[in-house]
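Enquirer: pasting the structure only:
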Ligand SMILES: [Zn+2]
C-alpha cells in the first residue's frame, strides 16, 4: 500500500569470549555475585552432584558462531549495552551465572538454540520485574515459596538460583509450585531428578496435575522446574506464543 518498510535497527550486545585464565577468574566473580558455588558446597546432595567446571579455551569457530546468532528483537533490546562474557569449559551442561556470564561446553551441537536459551537467562537476571510481570500476565504464575522440608533435596540450578520459586494458579483455583529434587538425595546425580508439585497446603505429589498437562503440555522436569526454564526453552525453540508477544509489546 505504498508504505516504506523501515527495518528497526537492532543493537546487539557485546559478546566477549574469555580465554581459559580469564574464565577461571570469572568463576570467582560469578560466585561473589550469586554465591551458587558456596551454596552447593554447603548442601550435601549438591556438593556431591554439582558439575566440576574446568575452564578451557574457546573452541575454533566460536567467534563466528556467536556473531552468526540472530536474536529476537525483544531480546536484543533487553541485552543492549551489556557486555556478556562467554566462558567455555570442558564438559557439562550449559548454564549462566550472575551477573552476565554464559558458560558453554566446548563441544556443543545446536549452538544457536542453546546460546539464545542462555541469553534469555541473562535477560531474566537483568530484568526480573519484567519477567515476573510476563509470567503473571501470560501463565498466571507468581512468586511463591517451597516448604522447608524440601531443603537439602532440591537440585540447585544456577539459572534459577537467585529467583524465587513460582506458583501456578490453575484454572480451578488450585495452586501448584513445581520443585526439582534429586531422585535419590543419598546418591545424588545431576541428571537423576524428579519433579514435584507442591500444593497450597505444603504437601506434594510427583504426579503431574491434569490441569498442568492440559495447559502447558510439558512434563520434562528440567523444563517445568521454574518459569525461567519454561520461558528459555519455549522462546529459543519456537516463537514463544503469548509470552513472546508480551515481551515484544511491553517495554522493560
Ligand atoms: Zn536453562
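Expert: Structure received. No experiment lies behind these values; they were computed from the predicted model shown.
Enquirer: rest of the way, CA atoms for contacts and neighbours
Expert: OK.
Enquirer: this protein: strands as residue ranges?
Expert: 14-17, 55-56, 83-89, 95-97, 101-105, 141-143, 166-169, 175-182, 193-198, 204-205 (DSSP state E).
Enquirer: got the angle for the longest one vs strand 193-198?
Expert: Calculated by axes from the mean of the first three to the mean of the last three Cα atoms, to 10 degrees, strand 175-182 forms an angle of 160 degrees with strand 193-198.
Enquirer: which residue ranges of the stretch 1-150 of the chain form helices?
Expert: Shown for the stretch 1-150 of the chain, the helices assigned by DSSP state H, counting those that start in this stretch span residues 20-34, 36-42, 44-49, 62-68, 73-79, 111-126, 128-139.
Enquirer: make that the stretch 151-252 of the chain, sorry
Expert: Here the stretch 151-252 of the chain has its helices, by DSSP H, counting those that start in this stretch, at 210-216, 221-224, 227-237, 241-249.
Enquirer: so can I have a markdown table of the ones you listed showing mean pLDDT, mean neighbour count and distance to residue 140?
Expert: A markdown table is the format used below for these (pLDDT from 0 to 100; neighbours: other Cα atoms under 10 Å; distance: least, Cα to Cα, whole Å):
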| stretch | mean pLDDT | mean neighbour count | distance to residue 140 |
| --- | --- | --- | --- |
| helix 210-216 | 97 | 12 | 11 |
| helix 221-224 | 94 | 18 | 15 |
| helix 227-237 | 96 | 20 | 11 |
| helix 241-249 | 94 | 15 | 11 |
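Enquirer: follow-up on the earlier one: which one of the strands of the chain lies closest to residue 73?
Expert: Counting by Cα to Cα, residue 73 lies closest to strand 14-17 out of those; the figure is 15.1 Å.
Enquirer: average pLDDT for the closest one?
Expert: Averaging pLDDT along strand 14-17 gives 96.
Enquirer: again with stretch 125-134
Expert: 96.
Enquirer: try stretch 32-39
Expert: Here stretch 32-39 scores 94 as its mean pLDDT.
Enquirer: make 21 the starting number, not 1.
Expert: In the new count, where the first residue is 21, that last one comes out as stretch 52-59.
Enquirer: measure it end to end?
Expert: 12 Å (Cα to Cα, to the nearest Å).
Enquirer: just stretch 204-212 next, same as before
Expert: Its start and end residues considered, stretch 204-212 measures 8 Å (Cα to Cα).
Enquirer: leaving out the residues flanking it, which one is nearest to residue 195?
Expert: Distances taken as Cα to Cα, 6 or more residues apart in numbering put residue 189 closest to residue 195, at 4.7 Å, once the chain neighbours are dropped.
Enquirer: do you know how far the closest residue in space to residue 184 that isn't next to it in sequence is from residue 34?
Expert: Ranked by Cα to Cα, 6+ apart and with sequence neighbours excluded, the top spatial neighbour of residue 184 is residue 163, at 5.9 Å. Using Cα to Cα, residue 163 is found at 31 Å from residue 34.
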